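[1] Here is a sequence with its predicted model. Questions after.
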Amino acid sequence: MATVQKIIDIEASIDAVWKKIANVGSISDLVGFISESHLDGDIRVCKMTDGGVLKERIISVDNELRRVAYCITHSPLDFEFHAASMQVVPNGKGASLIWTTDIRPDSMAEQIDPIFEDAVPSIKTALEHE
């Protein structure tokens, strides 16, 4: 299984960052390649900027750990397995967002890593602005 991880340092309070991450239905406000998002029960439906649709099961929103866990249940990509989390931790100057995704087949990491890397600036900007 391959893992893709991005750590994004955010110049904002940990509470402000967590509030935005915990609002799981509004992921489109953070991630540039998602144009629309909403919750349908525990399923997050995400319309991508290229017109594709992702469906993600929200596994947990843990306020104590400041961690959201989810898995993709429907995607235009050929995942055998996908599980991810976004966790907010203190970093001394504000907060860091640790975005970790475990995927199979391993070859998907080469496809996913640049997509995530391109999303980092939009996430950082959204989390640093009120």
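    Structure's in. What do you need?

[2] contacts, neighbours, all on C-alpha from now
    Noted.

[3] Strands along the chain, start to end?
    2-10, 34-40, 43-48, 53-62, 67-74, 81-90, 95-104 (DSSP state E).

[4] and those as CSV, adding mean pLDDT?
    What follows is the strands of the chain, written out as CSV (pLDDT from 0 to 100):
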stretch, mean pLDDT
strand 2-10, 97
strand 34-40, 97
strand 43-48, 97
strand 53-62, 97
strand 67-74, 97
strand 81-90, 97
strand 95-104, 97
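
[5] okay, the ones you listed in JSON lines with distance to residue 24 next?
    Formatted as JSON lines, these follow (distance: least, C-alpha to C-alpha, whole Å):
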{"stretch": "strand 2-10", "distance to residue 24": "18"}
{"stretch": "strand 34-40", "distance to residue 24": "8"}
{"stretch": "strand 43-48", "distance to residue 24": "8"}
{"stretch": "strand 53-62", "distance to residue 24": "8"}
{"stretch": "strand 67-74", "distance to residue 24": "8"}
{"stretch": "strand 81-90", "distance to residue 24": "10"}
{"stretch": "strand 95-104", "distance to residue 24": "14"}
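
[6] Look up how far residue 60 lies from residue 7.
    According to C-alpha to C-alpha, to the nearest Å, residue 7 and residue 60 sit 20 Å apart.

[7] my bad, residue 73
    Separation of residue 73 from residue 60 (C-alpha to C-alpha) stands at 15 Å.

[8] Neighbour count for those two, which is higher?
    Taking neighbours as other C-alpha atoms under 10 Å, residue 73 and residue 60 compare with residue 73 leading, 16 against 13.

[9] Tell me who's in contact with the more buried one.
    With contact set as C-alpha atoms under 8 Å, 6 or more residues apart in numbering, residue 73 has these partners: 54-57.

[10] Show the model's pLDDT score for the residue lying farthest from the centre of the chain.
    In the chain, counting by C-alpha atoms, centre = their mean, residue 92 sits farthest out from the average C-alpha position, at 22.4 Å. pLDDT recorded at residue 92 is 88.

[11] Got phi/psi on it?
    Residue 92 has phi and psi values of phi 100, psi -40 when expressed as degrees, to the nearest 10.

[12] Kindly indicate which of the contacts of residue 73 lies nearest residue 117.
    Of all the contacts of residue 73, residue 117 sits closest to residue 54, with 18.4 Å by C-alpha to C-alpha.

[13] Cool, thanks, signing off.
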